[in-house]
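S.K.: Sequence and predicted structure below; questions after.
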Amino acid sequence: MGSRLLIIADTHVPKRARRLPPQVWDEVDKADVVFHAGDWVTIELLNELEDRAQRLVGVYGNNDGPDLRERLPEVARVGIDGVRLAMIHETGVAAGREKRMDAAFDDVDVLVFGHSHIPWDTTTPAGMRLLNPGSPTDRRRQPACTYLTAEAEGGALRNVRLHEVAVR
């Protein structure tokens, strides 16, 4: 059995939401690895996720101040069950993203990113998978708040699923 992944970004706690939704905390509890692709806004959420997640991989975003930047990298690279993953907050405009990311991250299988609050799941010409989970707390112009789950096993990313956050 592989590793269950939870992928979130752009939580903007407490500016866009006072806290993560209970549905997302339930996923944190189920996940082997939690990825957060930046824009935490305050350090409290980082501390909470570090305490609760089995393993946390995070990067800082453009809305994250010096306290978060001291503890988080701009780019994170990890291997999980044979899958080479990298994560960064911003990748620039959507047009030409696949080719730009192939050039910038030619040694990974999956690139996780955030910033736009727009879910994204594509494969680049070189075969790298690009994933953006949207935001679980700030849907902006999207129909719903979202996050991703996936499984890493035997060098492959499987069962990638976009989830909508239930409105309570």
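M.R.: Done, it's in. Residues are numbered from 1 along each chain as shown.

S.K.: Helices along the protein, start to end?
M.R.: Assigned helices in the chain, in chain order: 22-30, 43-52, 66-71, 97-104 (criterion: DSSP state H).

S.K.: got the angle between the first one and helix 43-52?
M.R.: Orientation note: helix 22-30 sits at an angle of 40 degrees relative to helix 43-52 (axes from the mean of the first three to the mean of the last three C-alpha atoms, to 10 degrees).

S.K.: So which other helices or strands are in contact with helix 22-30?
M.R.: Contacts defined by 3 or more C-beta pairs under 8 Å, 6 or more residues apart in numbering; DSSP states H and E place helix 22-30 against strand 3-8, helix 43-52, strand 146-153. Using the backbone N, CA and C atoms, a C-beta is placed for each residue, glycine as well.

S.K.: Give the rounded mean pLDDT of the shortest one.
M.R.: Mean pLDDT, computed over strand 3-8, is 98.

S.K.: Tell me what angle it forms with helix 22-30.
M.R.: Following the same axes, to 10 degrees, one obtains 150 degrees for the angle between strand 3-8 and helix 22-30.

S.K.: Fine, thanks again, bye for now.
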